[in-house]
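>>> Curious how this folds, go ahead:
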Amino acid sequence: MDVFGLIGNPVGHSLSPPMHEAAYDALEMDARYVTFEPSRDSLGLALDGASALGVRGLNVTIPFKEDVLALVDPDPLAERIGAVNTVDFSGEPTGHNTDAAGVIRAFEHHDVSLSGTAVVVGAGGAGRAAAFALADEGVDVHIANRTVSRAETLADAVPNASAHGLDALDSLLADADVLVNATSVGMESDETPVPKAALHADLAVLDAVYDPIETRLLREASAVGARTIDGAWMLLFQGVEAFELWTDRDAPVDVMNEALRASL
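Residues are numbered from 1 along each chain as shown. So this is what the prediction gives:
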């Protein structure tokens with residue numbers, strides 16, 4: 001039996017197990033997806049143990065994404081982003097960041113052409129993945145963050161990127177084609193980091209928040225005619241990317257999506 005899983009602390013809330021297990025069942029794979037919750041001090045031992053036990057691959061979640069970077073051989077994208085969310089044990093443990101692919105594949109699935117200008121709200125882990133992913137597609141990226149110095153640090157590392165405070169969102173969005181909310185604002189609350197008046201019908205809006213599945217930002221964007229993409233699509237496609245990396249098989253995307261949304 002092949003073993004895959006998730007390492008983080010805590011992991012009890014994760015929606016990855018049902019999504020991956022559904023894929024294994026659909027493809028009749030002898031595989032299981034399990035969760036591991038080591039302490040921060042024992043992270044290195046946990047990765048060594050997983051490798052020794054023949055675990056095929058691990059997803060990585062909070063608070064270990066940055067710590068794992070130093071414990072595996074990261075691919076160039078993960079190294080640039082500064083975080084690993086997927087480890088492959090098929091040879092020497094290698095680190096990858098499939099959050100970036102999750103952003104791009106979510107837009108592609110909704111037939112959004114990635115060109116022009118994007119505004120990324122947030123400069124944390126999700127914001128870093130989104131900014132690098134969009135820049136690699138040739139999009140000019142404006143990063144807006146509550147703490148401007150964090151946006152500046154990220155913009156210095158991302159090609160064709162600029163840094164701003166949240167008070168610049170009105171002017172930034174006027175000519176933008178894509179908006180990504182990469183903050184937790186709106187999670188389990190009826191809040192939005194983006195002024196309603198700044199939204200317009202020519203925007204494609206991705207909100208990384210998936211609880212609730214329809215955030216206030218997405219409601220207000222839809223009301224002005226913008227194309228909206230909920231955070232479950234990003235979650236789905238980062239998992240799809242990890243599955244395909246580990247197994248070298250096409251993921252059953254529809255099955256994984258159905259299992260994910262049934263668990264929300």
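>>> Checking my notes, residue 156 in a helix, right?
Yes: remark: residue 156 belongs to a helix, assigned using DSSP: H, G, I helix; E, B strand; the rest coil.
>>> just the helices in the stretch 51-200 of the chain please.
65-69, 76-81, 98-109, 125-136, 148-157, 169-174 (DSSP state H, counting those that start in this stretch).
>>> Buried deepest among those helices, which one?
Mean neighbour count (mean count of other C-beta atoms under 10 Å) peaks for helix 125-136 among these, with a mean of 25. Backbone N, C-alpha and C define where each C-beta goes, glycine included.
>>> who does it touch, helix- and strand-wise?
Contacts defined by 3 or more C-beta pairs under 8 Å, 6 or more residues apart in numbering; DSSP states H and E place helix 125-136 against helix 76-81, helix 98-109, strand 117-121, strand 140-145, helix 148-157, strand 178-181.
>>> can you rerun that using 6 Å?
helix 76-81, helix 98-109, strand 117-121, strand 140-145 (3 or more C-beta pairs under 6 Å, 6 or more residues apart in numbering; DSSP states H and E).
>>> what would these look like in CSV with distance to residue 2 and mean pLDDT?
Listed next are the helices and strands packed on helix 125-136 as CSV, based on distance: least, C-beta to C-beta, whole Å; pLDDT from 0 to 100:
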stretch, distance to residue 2, mean pLDDT
helix 76-81, 23, 97
helix 98-109, 18, 98
strand 117-121, 36, 98
strand 140-145, 38, 98
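>>> got a markdown table for the helices of the stretch 51-200 of the chain, with distance to residue 222 too?
Below are the helices of the stretch 51-200 of the chain laid out as a markdown table (distance: least, C-beta to C-beta, whole Å):
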| stretch | distance to residue 222 |
| --- | --- |
| helix 65-69 | 31 |
| helix 76-81 | 30 |
| helix 98-109 | 16 |
| helix 125-136 | 20 |
| helix 148-157 | 27 |
| helix 169-174 | 16 |
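>>> Between those helices, which one is closest to residue 253.
Residue 253 lies closest, by C-beta to C-beta, to one member of the helices of the stretch 51-200 of the chain: helix 98-109, at 8.4 Å.
>>> which residues are contacting the closest one?
Applying C-beta atoms under 6 Å, 6 or more residues apart in numbering, the contact partners of helix 98-109 are 85-86, 114, 129-130, 132-133, 206, 229, 233-234, 237-238, 241-242.
>>> what do you get if the cut-off is 7 Å, keeping everything else the same?
Here helix 98-109 makes contact (C-beta atoms under 7 Å, 6 or more residues apart in numbering) with 77, 81, 85-86, 114, 126, 129-130, 132-133, 137, 180, 204, 206, 229, 233-235, 237-238, 240-242.
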